[in-house]
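# My questions concern the predicted model and sequence given below.
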Amino acid sequence: MKKVTIVILNWNGVNHLKHYLPQVVEHSNCELCKIVVADNGSTDESCGCVREYFPEVELWEFDQNYGFAGGYNRAIERVETPYTLLLNSDAAPKAG
């Protein structure tokens, strides 16, 4: 059972996703956590990038940009795990 959902809010951040998301996937324990990109109504290639290059990442597409707090609040409402980790799209964990 998954314990943690890592939520990354994105808006037109395809370059951040290409650069940082591989590190998030690499350094996350797939048995314990699920990684979600919550897309805040992007108009760039962000959603296609996640679908094509990161099939292990769940993509939640919002119909518009709800802003930082609004986007994260909408994503948090959908989380089903006991714990939620909010991660900026320009951050990546290191091996510990």
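Good, I have the coordinates. Residues are numbered from 1 along each chain as shown.
# Any stretches of this structure with poor pLDDT?
Counting by pLDDT under 70, the low-confidence segments of the chain come to 96.
# Do a quick rundown of the helices in the protein.
Listed in chain order, the helices found in the chain under DSSP state H are 14-26, 46-53, 67-78.
# Between these, which one is closest to Val36.
Comparing the helices of the chain by their distance to Val36 (Cβ to Cβ), the top pick is helix 67-78, with 6.8 Å. Heads up, the C-betas are built off the backbone N, CA and C, glycines and all.
# ok so, going back, export the helices of the chain to JSON lines and tack on distance to Trp60 and mean neighbour count?
Rendered in JSON lines, the data for those read as follows (distance: least, Cβ to Cβ, whole Å; neighbours: other Cβ atoms under 10 Å):
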{"stretch": "helix 14-26", "distance to Trp60": "14", "mean neighbour count": "17"}
{"stretch": "helix 46-53", "distance to Trp60": "10", "mean neighbour count": "17"}
{"stretch": "helix 67-78", "distance to Trp60": "6", "mean neighbour count": "14"}
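# Let me know which of those is the nearest to Lys94.
Once Cβ to Cβ is applied to the helices of the chain, the stretch that comes out nearest is helix 14-26, at 8.0 Å.
# got the angle between the closest one and helix 46-53?
Compare the direction of helix 14-26 with that of helix 46-53 by axes from the mean of the first three to the mean of the last three Cα atoms, to 10 degrees and you get 40 degrees.
# Just list what helix 14-26 packs against, helices and strands only.
strand 4-10, strand 33-39, helix 46-53 (3 or more Cβ pairs under 8 Å, 6 or more residues apart in numbering; DSSP states H and E).
# can you tell which of the ones you listed is closest to Phe62?
Within the helices and strands packed on helix 14-26, the stretch nearest Phe62 is strand 33-39; the backing value is 6.3 Å (Cβ to Cβ).
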